[in-house]
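output the structure for:
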Amino acid sequence: MTPGQTRQGAGFLSGRGVVTKMNPRRSGWNPLILLPLLWAMAFPFAGFPAYVSAANSPIWPLWDHFRQTFLQGDGRVIDRTDHDKTTSEGEAYTLFFSLVSGDRKSFRIVLSWIRNNLAQGDLDRHLPAWLWGRRPDGKWGILDINSASDADCWIAYSLIEAGRIWNRPDYASQGRRLLSLIEKNEVVFLEGYGWALLPGPWGFRLPGGMTRLNPSYLAPEILLRLTSVSHHNRWKEILEAALTHMNAIAPHGFVPDWFAVTRDGLVRPDPVTGPIGSYDAIRAYLWAGLLPSRNPVQKRLLAHMSNMFRDVERRFRAPLYANTVAGWTAGTGPAGFSAALLPGLRAQGKTKAVSELRLLLSLACHKGLYGTPPAYYDQVLALFGTGFLDARFSFDGNGNLTLPVAKGMTPAFHPNFPACQSH
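Down below sits the predicted model:
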């Protein structure tokens, strides 16, 4: 499940019942710290022998600080704002950014940790459990065996792309085998709606024929790439079904964290979380912004998300909540929300809003990370949003990952976004 961090207001139904996994992750704003709008290399952290060293990777200050703060030496990604738990989401995103940064060591140890601790030692036979941490008896291990399909897809995608970019057919083969497991356990046809990606194998088909879905699990880039790898057309059909129903999913230009599909294929507000978009939904805007410019899928998605970007353009703040039925927003989101909205704002030419949100991010910067204390989820959103603006990575129209080093560019030189400095 997009677990990786507890999300405000959302819960998820596992085979054991309702598991609430939402504590608000509010990153603190520190107005006393103003990021100099000049490039400078961040000083690396020292004295963290238990964590992965940044010494041998291309320079990416935010990624280096993320690793030193959240990535343990054995490949476990720790969410320090949620009782030191680990989620498959956190592992999946870290696997992806290891690939983006050319960090083969981190990629290898993260993949090993996923396999050995979340997938019972065999990713060919078991989808990774979504939640790992301290059990009531004090021992550490899996807390919920249910998987999270968004994390599963990001892991499969990262393996497939690592196989292509690094010429590692073993990674590509493992990614395809994991993709087959996902298709077998998490892809379903909903009468009247179309093909859909369940958030996990169990707990999302409710009594009465209603099914709960999460729009932020559908990164179009991932779906487009998996379409070209899969033996059938399901992934393209999943994307097309979501696009077809966007008028009902986001009727007022705001995306919900969750929505439900009735037995007749009608889209309704989620019975657990209601018509609210917040910590999960913010990624839907992010994924839309990461698509190539002039891509028809991006054009359709941004049109359905229009009021979120208008709201940001008007307030120069990322809202914490949006009511997708009533059409109102409330609160101010943490630093990661600002970072997540940057690609979509830039894609629409909203330069003033981009500048204002960049300033907010600079105010939230402290010791190389965003927020005080720095929340795992804020850093992930910032790695995506600012990394994309830096041209550290992009996606082509078929979902293939494109890296600047592959084009002969210098990985350390990215003039678009000033680094979050270590003070």
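
can you name the residues in contact with stretch 178-191?
Residues outside stretch 178-191 that contact it (C-beta atoms under 8 Å, 6 or more residues apart in numbering) are 123-127, 147, 149, 152-153, 155-156, 159-160, 195-201, 211, 226, 229-230, 232, 234, 238, 261, 263-265. Placement of C-beta: from N, CA and C, glycine included.

now swap in stretch 343-360 and tell me
For stretch 343-360, contacts defined as C-beta under 8 Å, 6+ apart pick out 29, 285-286, 288-291, 293, 298, 302, 305, 309, 312-313, 316-318, 335, 338-339, 341-342, 384-385, 388-389, 417-418.

of those residues, grab the buried ones for PyMOL.
Buried residues within the contacts of stretch 343-360, by 16 or more other C-beta atoms under 10 Å, are selected in PyMOL with:
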select buried, resi 29+285+286+288+289+290+291+298+302+305+309+312+317+318+335+338+339+341+342+384+385+388+389+417+418
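
in helices, which of the contacts of stretch 343-360 fall?
Those of these mapping onto helices are 285-286, 288-290, 298, 302, 309, 312-313, 335, 338-339, 341-342, 384-385, 388-389, per DSSP state H.

for residue 327, give its distance to residue 166.
To residue 166, residue 327 is 46 Å away according to C-beta to C-beta, to the nearest Å.

please apply the same query to residue 249.
Distance, residue 249 to residue 166, using C-beta to C-beta: 37 Å.

looking at those two, which is more packed in?
residue 249 (21 against 14; other C-beta atoms under 10 Å).

you'd agree the more buried one is up against residue 255?
Yes. At 7.0 Å, residue 249 counts as touching residue 255 under the criterion of C-beta atoms under 8 Å.

which neighbours do those two have in common?
215, 304, 324.

now do the helices in the stretch 101-250 of the chain.
In the stretch 101-250 of the chain, helices defined by DSSP state H, counting those that start in this stretch lie at 104-113, 149-165, 169-186, 220-229, 234-244, 246-249, listed in chain order.

got those helices as CSV, with distance to residue 397 and mean pLDDT columns?
Formatted as CSV, those follow (distance: least, C-beta to C-beta, whole Å; pLDDT from 0 to 100):
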stretch, distance to residue 397, mean pLDDT
helix 104-113, 25, 98
helix 149-165, 15, 98
helix 169-186, 20, 98
helix 220-229, 7, 97
helix 234-244, 13, 98
helix 246-249, 20, 98
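
make a markdown table out of the ones you listed and add distance to residue 393.
Formatted as a markdown table, those follow (distance: least, C-beta to C-beta, whole Å):
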| stretch | distance to residue 393 |
| --- | --- |
| helix 104-113 | 14 |
| helix 149-165 | 10 |
| helix 169-186 | 17 |
| helix 220-229 | 10 |
| helix 234-244 | 21 |
| helix 246-249 | 26 |
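
can you tell me which of those is most buried?
Most buried of the helices of the stretch 101-250 of the chain, by mean neighbour count (mean count of other C-beta atoms under 10 Å): helix 149-165, with a mean of 25.

who wins on neighbours among the shared contacts of residue 249 and residue 255?
residue 324 (25 neighbours).

tell me the contacts of that one?
With C-beta under 8 Å, 6+ apart, residue 324 has these contacts: 249-252, 254-256, 269, 275-277.

buried ones among the residues you listed?
Buried among the contacts of residue 324 by 16+ other C-beta under 10 Å: 249-250, 252, 254-256, 269, 275-277.

need the residues that contact stretch 239-251.
Here stretch 239-251 has contacts from 193-196, 215, 218, 220, 223-224, 227, 255-256, 259, 266-267, 297, 300-301, 304-305, 324-325, using C-beta under 8 Å, 6+ apart.

what stretches of this protein score poorly on pLDDT?
Residues of the chain meeting the criterion pLDDT under 70: 1-58, 405-419, 421-423.

which strand in it runs the most residues?
In the chain, with assignment by DSSP state E, the single longest strand is strand 140-147.

strand partners of it, parallel vs antiparallel please.
strand 129-134 (antiparallel) (DSSP bridges).

surely residue 375 and residue 82 touch.
No. Contact criterion C-beta under 8 Å: residue 375 and residue 82 do not qualify, at 9.0 Å.

more neighbours, the two?
Neighbours around residue 375 and residue 82, counted as other C-beta under 10 Å, are more numerous at residue 375. The numbers are 26 against 22.

and the more buried one, how far is that from residue 267?
31 Å.

and residue 397, by the same measure?
Residue 397 is 27 Å from residue 267, where distance means C-beta to C-beta.

give me the more crowded residue out of those two.
residue 267 (19 against 14).

show me what residue 77 bridges to in the sheet.
Beta-bridge partners, per DSSP bridges, of residue 77: residue 71.

give me the neighbour count for it.
27.

again with residue 265
Neighbour number of residue 265 under other C-beta under 10 Å is 14.

so it lies in a strand, does it not?
No. Using DSSP: H, G, I helix; E, B strand; the rest coil, the assignment for residue 265 is coil, not a strand.

out of everything not next to it in sequence, what's closest to it?
Spatially, and ignoring its direct neighbours in sequence, residue 265 is nearest to residue 192 (1.9 Å; C-beta to C-beta, 6 or more residues apart in numbering).

repeat that for residue 297.
residue 220 (5.2 Å).

surely the one you found meets residue 300?
No. Contact criterion C-beta under 8 Å: residue 220 and residue 300 do not qualify, at 9.7 Å.

which residues sit in contact with residue 219?
150, 153-154, 283, 287, 290.

identify the residue nearest residue 383 in space, chain neighbours excluded?
Residue 383 sits nearest to residue 97 (C-beta to C-beta, 6+ apart), 5.6 Å away.

ok so that neighbour is a strand residue?
No. Counting by three-state DSSP, one finds residue 97 to be helix, located in no strand.

need the shared contacts of residue 249 and residue 255 in TSV (columns: distance to residue 93).
Shown next, in TSV, are these (distance: C-beta to C-beta, whole Å):
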residue	distance to residue 93
215	18
304	25
324	25
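
residue 272 touches residue 212, doesn't it?
Yes. Applying C-beta under 8 Å as the test, residue 272 and residue 212 come out as touching, 7.0 Å apart.

more neighbours: these two, which one.
Here residue 272 and residue 212 are compared on neighbour count by other C-beta under 10 Å; more neighbours surround residue 212, at 20 against 17.

look up the closest residue to that one, ignoring the ones flanking it.
residue 204 (4.7 Å).
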